[in-house]
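> What follows is a predicted structure for the sequence shown.
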Amino acid sequence: MPKQVSPLTNTQVKNSKAKPKEYNLADGNGLYLRVKPTGSKLWIFNYQAPFTKKRSNISFGSFPPVTIAQARSEREVCRTLLSKDIDPKHARAERDEAQATAHSNTLEVVARKWFKSKSKKLTDKYADDLLNSLENHVFPKLGKRPVHKITAREVIEVLDPLQESGKLELVKRICQRLNMIMDYAVVSDIVTDNRLARIGKAFESPEKVHLPTIKPDQLPALAIAIDKASIKPITRFLTLWQLHTMVRPSEAAGTRWDELDFENEVWVIPKERMKKRREHTVPLTSQMLALLEQIKPLSGHREFVFPSDIDPRRRSINSSSVNMALRRMGYKGKLVSHGFRSLASTTLNEQGFDPDLIESALAHLDKNATRSAYNHAQYLERRKPMMQWWSNLIEEGIKGKQKARKKHLKVV
């Protein structure tokens, strides 16, 4: 029969005195108060480890910070673990490791891991915008917070000043990004749920603002304006190139000579430079080819078709150059370079061209990946006459001006 032990009383624990050698006071069921020669008192649970059957001790902390009631509660937890053949020391080590990992997974740490995995699929410009929004508006106040402790209330308090200043679009983007970061944390087993799933509902929705563009019947006037504008030749060529090709501003500005296949008359933009991270092929019309011939003497020996004035050997022209040129032409508030794409889309749709061909020309990604790859190959040949028609229309606008000039000279 095991010796019956009377549970300790609070008075006994308080009045226990230090002795030359440490000693234990038993509370029962493996719990002891260890009194050291220094006078410190430590709660100890002595148990037989599962499988090895070796005796082992685990500490619950010192008295009085850990009371008798707390020590007994910890003892029962350990006894429950032992009943399941779980060593309390191993369980504590795993718990401590999990807590350390959780606290090391701060919002900034997790966000940067998410960004690293995502940035490979983003254009440099968009990746910079994404990271800057977090570094400027989120990390300073929430970056060091463990993600498992982040609450919606905290995020709302951080973003409220941005909403008050009218930056609703920025707030919307940050909410979307925080949502994706938390989803990443969930699938990475860092947290069990996304507490920010509906964070965007706490803020006003920004009014949708369409980039300014012009109507199809204003294309001839635009072509004339580009032709007579007092701008640098490279800027004029880039403006026409972007208008003819229908690509995005950064894609046009970054055109490289080695991307141009003159033999097959196509321009192949690598996926690394595309917004959707998918290679895009542009059929080269006769006007585009003529334009490139005009540019060759200026930049044919360079890497970029439209080199930068500051560092022509290593950098392309800034994509905002076309917008600046448009403002000088009198299109401020009426048209931006990205609006060329809307102008082309509207014009081609009004002329009855296949909408799928137009979407393909604009490099809009089909949600069905298999169909998208098939269409990309099939549509290329069918896009050629459509692209040529578009180039012809642009050229007609410029030629209309030239004819008017000749007619004026004859009158004189």
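Noted; the coordinates are in hand.

> Next up, phi/psi of the nearest residue to Ser320 once chain neighbours are set aside, please.
Excluding its sequence neighbours, the residue lying closest to Ser320 (Cβ to Cβ, 6 or more residues apart in numbering) is Pro249, at 7.5 Å. Glycine gets a C-beta too; all of them are placed from N, C-alpha and C. When read as degrees, to the nearest 10, the backbone of Pro249 gives phi -50, psi -50.

> how many neighbours does Met386 have?
A count of nearby residues for Met386, using other Cβ atoms under 10 Å, gives 21.

> phi, psi of it?
phi -70, psi -40.

> Please verify my assumption that Asp261 contacts Val268.
Yes: under the criterion of Cβ atoms under 8 Å, Asp261 makes contact with Val268 at 6.3 Å.

> any low-confidence regions in the stretch 301-412 of the chain?
365-378, 400-412 (pLDDT under 70).

> One more: the stretch 1-150 of the chain?
Ranges of the stretch 1-150 of the chain meeting pLDDT under 70: 1-3, 98-103.

> Would you map the strands across it?
Shown for the stretch 1-150 of the chain, the strands assigned by DSSP state E, counting those that start in this stretch span residues 23-28, 31-35, 41-48, 55-63.

> Tell me which of those is the most buried.
strand 31-35 (a mean of 21; mean count of other Cβ atoms under 10 Å).

> tell me the angle that one makes with strand 41-48.
140 degrees (axes from the mean of the first three to the mean of the last three Cα atoms, to 10 degrees).

> So which elements touch strand 31-35?
With contacts taken as 3 or more Cβ pairs under 8 Å, 6 or more residues apart in numbering; DSSP states H and E, strand 31-35 sits against strand 23-28, strand 41-48, helix 68-83.

> nearest to Thr9, of those?
Ranking the helices and strands packed on strand 31-35 by proximity to Thr9 (Cβ to Cβ) places helix 68-83 first, at 8.2 Å.

> So which bits of the closest one are buried?
Within helix 68-83, the residues that count as buried by 16 or more other Cβ atoms under 10 Å are Ile68, Ala71, Arg72, Glu74, Arg75, Cys78, Leu81, Leu82.

> between those residues, which is closest to Ala91?
Closest to Ala91 out of these is Leu81 (5.5 Å), distances taken as Cβ to Cβ.

> check contacts around the closest one.
For Leu81, the contact set (Cβ atoms under 8 Å, 6 or more residues apart in numbering) comprises Asp87, Pro88, Ala91.

> tell me the domain boundaries of this protein?
For the chain, automatic domain parsing gives the domain ranges 10-87, 107-202, 216-411.

> measure stretch 136-151 end to end?
In stretch 136-151, first residue to last residue: 19 Å (Cα to Cα, to the nearest Å).

> And stretch 243-254, by the same measure?
From its first residue to its last, stretch 243-254 covers 15 Å (Cα to Cα).

> average pLDDT for that stretch?
The average pLDDT within stretch 243-254 is 94.

> Are we agreed that Arg195 is in a strand?
No: counting by DSSP: H, G, I helix; E, B strand; the rest coil, Arg195 is not part of a strand but coil.

> Tell me if I'm right that it and Ile150 touch.
Yes: look at Arg195 against Ile150 with Cβ under 8 Å: they come within range, at 6.4 Å.

> what is in contact with these two at once?
Joint contacts of Arg195 and Ile150 (Cβ under 8 Å, 6+ apart) are Met182.

> By neighbours, which of the contacts of Leu81 wins?
Per-residue neighbour counts (other Cβ under 10 Å) across the contacts of Leu81 peak at Pro88, which has 21 neighbours.

> isn't Ser337 right up against Leu326?
Yes: counting by Cβ under 8 Å, Leu326 is a contact partner of Ser337 at 6.6 Å.

> joint contacts of these two?
Common neighbours of Ser337 and Leu326 (Cβ under 8 Å, 6+ apart) are Thr239.

> would CSV of the buried residues of helix 68-83 with distance to Asn132 be doable?
Output for these, formatted as CSV (distance: Cβ to Cβ, whole Å):
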residue, distance to Asn132
Ile68, 56
Ala71, 52
Arg72, 54
Glu74, 48
Arg75, 53
Cys78, 50
Leu81, 48
Leu82, 53
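
> quick check, nearest of these to Leu298?
Nearest to Leu298 among the buried residues of helix 68-83, counting by Cβ to Cβ, is Leu81 at 77.2 Å.

> Kindly provide the distance from the closest one to Val110.
Distance of Leu81 to Val110, given as Cβ to Cβ, to the nearest Å: 31 Å.

> which residues in the stretch 201-350 of the chain form strands?
Under DSSP E, counting those that start in this stretch, the stretch 201-350 of the chain gives strands at 260-261, 266-269, 280-283.

> can you put the ones you listed in TSV and add mean neighbour count, distance to Gly330 and mean pLDDT?
Listed next are the strands of the stretch 201-350 of the chain as TSV, based on neighbours: other Cβ atoms under 10 Å; distance: least, Cβ to Cβ, whole Å; pLDDT from 0 to 100:
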stretch	mean neighbour count	distance to Gly330	mean pLDDT
strand 260-261	16	32	96
strand 266-269	18	30	95
strand 280-283	22	29	94
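
> what about those strands, which gets the closest to Cys175?
Nearest of those (Cβ to Cβ): strand 280-283, 30.2 Å.

> Neighbouring strands - and their directions - for that closest one?
Note on strand 280-283: by DSSP bridges, its sheet partners are strand 266-269 (antiparallel).

> Tell me which residues are up against the partner strand.
By Cβ under 8 Å, 6+ apart, strand 266-269 touches 245, 247, 251, 255, 259-261, 279-284, 288, 380.

> Which one of the residues you listed is nearest to Asn57?
Within the contacts of strand 266-269, the smallest distance to Asn57 is 64.9 Å, found for Glu279 (Cβ to Cβ).

> Quick one: residues contacting the closest one.
Counting by Cβ under 8 Å, 6+ apart, Glu279 has contacts Val268, Ile269, Pro270, Lys271.

> next one: Pro88
Phe45, Tyr47, Ile58, Val77, Cys78, Leu81, Leu82.

> Could you count how many residues lie near Glu381?
Neighbours of Glu381 (other Cβ under 10 Å): 9.

> I'm done for today, thanks for sticking with me.
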